[in-house]
Structure formats: C-alpha cells, structure tokens
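1. Need the 3D shape of this:
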Amino acid sequence: MNRTLLLLTALALVPGCYGSSTCNTAGSVTFYWRFVSASGALQSGNFNPDDPATPTVDESGCTYLGVPLTDDDTRSTTVTPSIRITVDGIVADTVGCIGSNGVPGALLPGFFGGAHTYTIDAIRAGRVVFTASGSTNAPACVNTPVDVVLQAVSPADLVVLYDYNGAPPTGCQIGGVPITHVAYEIRDAANRIADASCQSRNGTVGACLQERTLACDPVNLGFTSTIPLALGNYTMNYLELWQTLPGGSQQPIAQLCAGDPGSAFVHDGFPVLMNTTVSSGQLCPGNYPASGLVASTSPAP
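-> Here you go, the predicted model:
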C-alpha cells in the first residue's frame, strides 16, 4: 500500500474530464505530511505508510513524531496527534494523522482553478504542536498532491516517556514490584524549575507541600508537562519511579538524576525518552518529597 492508492481514489472523484478541452468539475488536493524538529536535526516520516518489514523505521511520521523507538511499541497510540487542515482561512477538515489506507495524508475535494492557501496543524491534547502553511495551485478536474513538512511550535507540551534499564516497565512493575507513582523536576538552561510534579515547596529547596498525583500509566509509560515549555535545552533534575514498602512508607525503585547519562535533553517538539536505572533507595539530590514519602536507606530490589 502506498500513496498511489490515495491518488487513484482521488481520480475516481473527478470523472469525465480527461480528454476534454474544458472542465467544470471540481478538482481535489491530497496533502501528505511529515514532521521535523525545531533544529531541523530530527525528522519523522517520509510521506509513506509504515512498512512492516522495517519496524524500527516510522515511515508515516505519525507513530511517535520522532521519539527513537520502534514504531510498533504500544505507547505509540497515546501520543499520535490529530491533523487540522485549513484552506483559504476556513477549517476544511480535522482528520487522524494516518488515513484509513495507512497513508499519512488526507484528500480534500472541491477545488477549482487558482491558488489556494493552506495551514496544516498537528494537535496533541488540544494544543497545536507542529504546523506548516503555504499555497498551492489546484486545477479543476484533477488531483494535486502536496507534500507538507510540519515544523515544531514553541512553546509546546513536553511528552516524557520512561524506560527502565533500556526497556519499558512491564505493566507498571519493576521486578514484580508495582510502581505507585512518578516524581520529576525539569530545569531550564538557567537552572530554574521549568516544570515539576511538586507544585509547591516549603521555601526554595524545602519539603514538597503539594505533590501532583502522577500515577504510572501502564499504556503510555510517560507523562506530559503541566504547562507548555519553550523549545530548547533542559535537564531532568530528577525522575523517580516510586514503590510502597511494607508498613506504608515509600521509596524510589528506579531513578534518573541530574548528571546521569541522558538527563540533559533538548525539547524540540518530539517526545523525549528517559532511561531510569535501579535506585539505591536514596532520593536524587534536590528532591525533597512530601510528608509521608520517606526514602529508605536500604536499596531497592
């Protein structure tokens, strides 16, 4: 299956014009899309449907929007955006990122000769995260294919996915121990807190007074920042996956701390992948948990 199928479908919508010197039947436009990071260093998709023979390549661009994982990972469906198509200032359609025939694109009928402006927006969780605008000539009676490269917008929600020792935790468990909640803090290039699970502290570095309830999502195995963040350089000051101990106290079972490999990252519009490793049972430096969340001195299993 490839783009040819979508074009053949388009031709079927405008019969009776070929071989005629005049044509009064509307033509159509087929938009195809892929995505590129803010720096242009990363791109996702090549305007084609995913090829099962190459599961480590996301030809459609829709599965992860660039996160470096295989395109058949179950987390893919939780971050795929919808696409809003605006033509000549009017919203023409809102569609899924991948069409019913597997192609990352959409066909719009009803075009007559002349230039038409368009804007294609990728929307995730109600916010535009990638966009592109341009114009195209769309003659009557024929289909006009248009390849569109969507650029990351700023600010944008940051989607963080987490692994444990290089693989997604199975069913929100590590070694059979359930992950009860997730704690994190993200700092910007000036070392200011940009976003965190702790919503308020007792002083600048005091104990957390109000912790955002962030349960482990067994499908997504990730989370979205509480606010849109400007694209740029950041550090994961701490990312901790917590467990409940006998008696009710809690400790981190896995973590990524500032200074660990992978803790510094670029928010470029695509989701980021963080790899946690086994915790010693101690908190990352700079994490002062809410009352009742007490780190044990014994190592996590």
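2. Going by C-alpha atoms from here, please, whenever you check contacts or count neighbours.
-> OK.
3. how's this protein carved up into domains?
-> 3-152, 159-278 (automatic domain parsing).
4. Worst mean pLDDT among those domains?
-> Least confidently modelled of the domains of the chain is domain 3-152, at a mean of 77 by mean pLDDT.
5. Make CSV from the domains of the chain and add mean neighbour count and distance to Pro285 to it.
-> CSV is the format used below for those (neighbours: other C-alpha atoms under 10 Å; distance: least, C-alpha to C-alpha, whole Å):
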stretch, mean neighbour count, distance to Pro285
domain 3-152, 18, 28
domain 159-278, 18, 7
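6. Look up phi and psi at Gln185.
-> Wrong residue type there; residue 185 is Glu, not Gln. Main-chain torsions, Glu185, degrees, to the nearest 10: phi -150, psi 130.
7. related to what we said a few turns ago, same list (the domains of the chain) but as JSON lines, adding distance to Cys284.
-> Converted to JSON lines, the domains of the chain look like this (distance: least, C-alpha to C-alpha, whole Å):
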{"stretch": "domain 3-152", "distance to Cys284": "25"}
{"stretch": "domain 159-278", "distance to Cys284": "5"}
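8. got the residue ranges for the strands in the stretch 51-200 of the chain?
-> Counting by DSSP state E, counting those that start in this stretch, the stretch 51-200 of the chain has strands at residues 82-87, 90-96, 105-111, 115-124, 127-137, 143-152, 159-164, 173-174, 177-178, 181-188, 193-196, 198-201.
9. okay, those strands in CSV with distance to Ala26 next?
-> Below are those laid out as CSV (distance: least, C-alpha to C-alpha, whole Å):
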stretch, distance to Ala26
strand 82-87, 15
strand 90-96, 15
strand 105-111, 5
strand 115-124, 14
strand 127-137, 13
strand 143-152, 9
strand 159-164, 41
strand 173-174, 56
strand 177-178, 58
strand 181-188, 51
strand 193-196, 50
strand 198-201, 55
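10. To Val266, which of those lies closest?
-> strand 181-188 (10.1 Å; C-alpha to C-alpha).
11. Which strands or helices does that closest one pack on?
-> Applying 3 or more C-alpha pairs under 8 Å, 6 or more residues apart in numbering; DSSP states H and E, one finds that strand 181-188 contacts strand 193-196, strand 198-201, strand 232-244.
12. That one pairs with which strands?
-> strand 193-196 (antiparallel), strand 232-244 (antiparallel) (DSSP bridges).
13. contact partners of the shortest one?
-> Yep, that's strand 193-196 we're talking about. Strand 193-196 is contacted by residues 183-188, 225-227, 229 when judged by C-alpha atoms under 8 Å, 6 or more residues apart in numbering.
14. mind redoing it with 7 Å?
-> 184-188, 225-226 (C-alpha atoms under 7 Å, 6 or more residues apart in numbering).
15. CA atoms only: put that strand into CSV for me.
-> Provided in CSV are the C-alpha atoms of strand 193-196 (Å, rounded to 0.1, in the frame of the first residue of the first chain):
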residue,chain,number,x,y,z
ILE,A,193,12.5,24.9,37.7
ALA,A,194,10.5,24.8,34.4
ASP,A,195,8.0,22.0,35.5
ALA,A,196,7.7,19.5,38.3
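16. Now Phe265: which helix or strand?
-> According to DSSP states H and E, Phe265 maps onto strand 264-267.
17. and that strand, what does it pack onto?
-> strand 232-244 (3 or more C-alpha pairs under 7 Å, 6 or more residues apart in numbering; DSSP states H and E).
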